[in-house]
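Colleague: test case, fold it:
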Amino acid sequence: MKTLLLLVLALCQEPPAERWVYCSFNLWVDKNVDTLEGILRRAAKAGYTHVLVADSKFGKLGDMDARYFRNVERVKKLAAELKLEIVPAVFPVGYSEAILWHDPNLAEALPVRDAPFVVKDGVARIESDVSLPADFANWDWRDKNMELDGGAVRVEDGGGQNARVMKKVKVKPYRQYHVAVKAMTKDFGGEPRVNVLAGGRALVHSHLGVKRAQEWAEHHAVFNSLEHEEVSVYLGAWPAKGGTLAWKDARLEEVGLLNVVRREGAPLEVKGYVEGKDYERVEDPRMGTVPWKGGYEVWHEPPVLRTKLADGTRLSVSYHHVVTIHDGQVMICPSEPKTVELLRDQAKRMHAAWGARAYFMSHDEIRVMNQDKACRKRGLDAGAILADNARACVKMLRDVGAKVYVWSDMFDPHHNARKDYYLVRGDLAGSWEGLDKDVVIAVWYFGKRAESMKWFAERGHRMVMAGYYDGDAAANARGWLEAAKGVKGVEAIMYTTWQSKYADLERFAEVTGK
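Modeller: Predicted structure coming up:
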């Protein structure tokens, strides 16, 4: 009888009381605020109650002018008129470019150990001993649909099948490598990629930027070999969808000092020599400054090490460097004291500007961590480092009396809180210990929504279901609502669009309404 009663209650469960909409806009642009006003008026009319507002400018409020803050006031006044609660996003821990605007050297960095440099004409450059065969016939294997074409390899109408060519290469552990290759496409529907695998992990996660149709153009990928002595270099598409993709002129080289980071927690050392005495200070002027402050390139010509040491002098150089994820994502080092200072400064400035009752921590998809000296010297696993940072950030918001929200993925064992996540060293398990039960979790992984919500409910958290994600609004909403039946603490559902698609705003509200 008790089981039957619980089932009836679950089936009759009311929809979440709060409906949210996610809005990411550059509020410095007046026209964007006009667009946002239209969305908020529609949202209020459709029954939404909260707005999660995000803007990369939130990471650099100290550099914003009077116009920006007038627009903030305009949004606040509009929300009050419409009886919508604004919840601003803070703490870009994961997608950290906005906060790295203040100091690009705070980027989490991968170590290079004992790279061989040789001096010639007052300059020391890396000595590379790796390569790729110029003829693709000499690569280890290729998929059947990859055909040799002179010096190139190509796939014509891949038909949704994988189209790859692969070569295994011996490398040195903890060294920095560069892959360059030319690509040509004609009406190609897949995503051409360079991938490098070792020990069951991908070492390259940056997008090449190959267009659907283009003449021959060179593209670049950079990776750190980490602890590995052999890697598998892949060129291809997973899968190939129609059209033509061709590759030629692939090359591999060891590189030195590309996107080199300079701070105490990511030191540079030339064994047996002193910077400023035996060689000039080493810096990469493009690191974290191109195309803007806090922006990082996958590849550019690296800086050289200038010295008056004799020609032929061999140097052993150790340093740390940035790698980018997907389209320029870079993580800030959570173990540097200055990182915590910048986050605290952001919390202070954001509260002065918005005076909100709640803030949303942007800890999300943290893909590089626990690699540089600042992290390693703590002797903690990745989960403990993240928990410590999350705990500190929660306290900053609690100090101003605010309610705290956060994305779920990095604190969810059913999602990203696990071993071998991208280029995170160690296990992210235990990251959730940095969140007390009063932190509200925005659960967003649709594929494991039931398991995730059950997990957080058992820990005593309240939840926001972050739905939609630019797909089928009705089906997505119903999927979340069905999974939430019988789960305690689900207080909201959010229309979450990364592509600024608001056409389904009303439909989503209709499905999720009472």
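
Colleague: got the residue ranges for the helices in the stretch 1-150 of the chain?
Modeller: Taking DSSP state H, counting those that start in this stretch, the helices of the stretch 1-150 of the chain run over residues 2-11, 30-46, 66-82, 97-100.

Colleague: equivalent analysis for the stretch 251-400 of the chain, please.
Modeller: In the stretch 251-400 of the chain, the helices defined using DSSP H, counting those that start in this stretch lie at 337-354, 373-376, 382-398.

Colleague: let me know which of those helices is tucked in deepest.
Modeller: Among these, helix 382-398 has the highest mean neighbour count (mean count of other CB atoms under 10 Å), at a mean of 22. C-betas here are computed from N, CA, C, even on glycine.

Colleague: pull up the pairing partners for the following helix or strand past that one, direction included.
Modeller: Per DSSP states H and E, the first helix or strand lying C-terminal to helix 382-398 is strand 403-407. Sheet pairing of strand 403-407 (DSSP bridges) gives strand 358-361 (parallel), strand 440-443 (parallel).

Colleague: got the buried residues for whatever helix or strand comes next after the last one?
Modeller: Downstream of strand 440-443, the first helix or strand assigned by DSSP H and E is helix 449-458. For helix 449-458, burial by neighbour count (16 or more other CB atoms under 10 Å) applies to 449, 450, 452, 453, 454, 455, 456, 457.

Colleague: now do stretch 298-315
Modeller: The neighbour-count check on stretch 298-315 (16+ other CB under 10 Å) flags 298, 299, 302, 303, 304, 305, 307, 309, 315 as buried.

Colleague: quick one: residue 388 from residue 160, how far?
Modeller: 45 Å (CB to CB, to the nearest Å).

Colleague: low-confidence stretches in this protein?
Modeller: Low-confidence segments of the chain, defined by pLDDT under 70: 1-13, 514.

Colleague: which residues touch stretch 142-156?
Modeller: For stretch 142-156, contacts defined as CB atoms under 8 Å, 6 or more residues apart in numbering pick out 134-137, 158-159, 161-166, 184, 235-237, 240, 244-249.

Colleague: and those residues, which are buried?
Modeller: 136, 158, 161-166, 184, 235-237, 240, 244-248.

Colleague: of those residues, which belong to strands?
Modeller: Assignment to strands by DSSP state E places the following of these there: 161-166, 184, 235-237, 240, 244-248.

Colleague: out of the residues you listed, who's nearest residue 24?
Modeller: Nearest to residue 24 among these is residue 237, at 29.7 Å by CB to CB.

Colleague: who's the closest one bridged to?
Modeller: Beta-bridge pairing for residue 237 (DSSP bridges): residue 163, residue 192.

Colleague: from residue 250, how far off is it?
Modeller: 15 Å.

Colleague: again, but for residue 451
Modeller: Residue 451 sits 42 Å away from residue 250, taking CB to CB as the criterion.

Colleague: rewinding a little: please identify the most buried of the strands paired with strand 403-407.
Modeller: strand 440-443 (a mean of 25).

Colleague: name the residues that touch that one?
Modeller: 360, 403-408, 411-412, 435, 449, 452-453, 456, 461-466, 491, 494.

Colleague: from the residues you listed, keep the buried residues only.
Modeller: Using 16+ other CB under 10 Å, the buried members of the contacts of strand 440-443 are 360, 403-408, 411-412, 435, 449, 452-453, 456, 461-466, 494.

Colleague: pop the domain breakdown of the protein in here.
Modeller: The record assigns the chain these domain ranges, following automatic domain parsing: 14-104+328-512, 136-254.

Colleague: pick the one among the ones in strands among the buried ones among the contacts of stretch 142-156 closest to residue 43.
Modeller: Using CB to CB, residue 237 is the member of those that sits closest to residue 43, with 39.1 Å.

Colleague: residue 481 against residue 19, yeah?
Modeller: No. Look at residue 481 against residue 19 with CB atoms under 8 Å: they stay out of range, at 11.8 Å.

Colleague: endpoint to endpoint, stretch 270-281 covers what distance?
Modeller: 11 Å (CA to CA, to the nearest Å).

Colleague: now do the strands in the stretch 401-514 of the chain.
Modeller: 403-407, 423-424, 440-443, 463-468, 490-496 (DSSP state E, counting those that start in this stretch).

Colleague: ok, and what's touching the first one?
Modeller: Going back to what we said before, that points to strand 403-407. By CB under 8 Å, 6+ apart, the surrounding residues in contact with strand 403-407 are 87, 357-364, 390, 394, 397-398, 435, 438-442, 444, 464, 466.

Colleague: helix 382-398 and that one, what's the angle between them?
Modeller: 150 degrees (axes from the mean of the first three to the mean of the last three CA atoms, to 10 degrees).

Colleague: what angle do strand 403-407 and strand 490-496 make?
Modeller: 60 degrees.

Colleague: chain center to strand 403-407: distance?
Modeller: 19 Å (CA atoms, centre = their mean, to the nearest Å).

Colleague: same thing with stretch 348-360?
Modeller: Between the centre of stretch 348-360 and the centre of its chain there are 24 Å (CA atoms, centre = their mean).

Colleague: restricting to C-alpha, output it in CSV.
Modeller: These are the backbone C-alpha positions of stretch 348-360, laid out as CSV (Å, rounded to 0.1, in the frame of the first residue of the first chain):
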residue,chain,number,x,y,z
LYS,A,348,32.8,42.2,-5.0
ARG,A,349,32.4,44.1,-8.2
MET,A,350,29.5,42.0,-9.4
HIS,A,351,27.6,42.5,-6.2
ALA,A,352,28.2,46.2,-6.3
ALA,A,353,26.8,46.3,-9.9
TRP,A,354,23.9,43.9,-9.6
GLY,A,355,23.0,43.6,-5.9
ALA,A,356,21.4,40.3,-6.7
ARG,A,357,19.9,37.9,-4.1
ALA,A,358,21.6,34.9,-5.8
TYR,A,359,24.6,34.2,-8.1
PHE,A,360,25.4,31.3,-10.4
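
Colleague: any idea which of the helices of the stretch 251-400 of the chain gets closest to residue 273?
Modeller: In terms of CB to CB, the element of the helices of the stretch 251-400 of the chain nearest to residue 273 is helix 373-376, at 19.3 Å.

Colleague: OK, contacts around residue 334?
Modeller: Shown in contact with residue 334 (CB under 8 Å, 6+ apart): 93, 108, 369, 375, 385, 386, 388, 389.

Colleague: output these as CSV; include the columns distance to residue 78.
Modeller: Compiled in CSV, the contacts of residue 334 are given as follows (distance: CB to CB, whole Å):
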residue, distance to residue 78
93, 29
108, 38
369, 38
375, 42
385, 40
386, 36
388, 38
389, 34
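
Colleague: go through these and name the one nearest residue 171.
Modeller: For the contacts of residue 334, the closest approach to residue 171 (CB to CB) belongs to residue 108, at 21.8 Å.

Colleague: OK, contacts around the closest one?
Modeller: Listed by CB under 8 Å, 6+ apart, the contact set of residue 108 reads 322, 330, 331, 332, 333, 334, 368, 369, 371, 372, 375.

Colleague: can you check residue 278 too?
Modeller: 270, 307, 308, 309.

Colleague: of those residues, closest to residue 347?
Modeller: Closest approach between the contacts of residue 278 and residue 347, by CB to CB: residue 270, at 39.5 Å.

Colleague: isn't that closest one up against residue 315?
Modeller: Yes. If you go by CB under 8 Å, residue 270 and residue 315 touch, sitting 5.3 Å apart.
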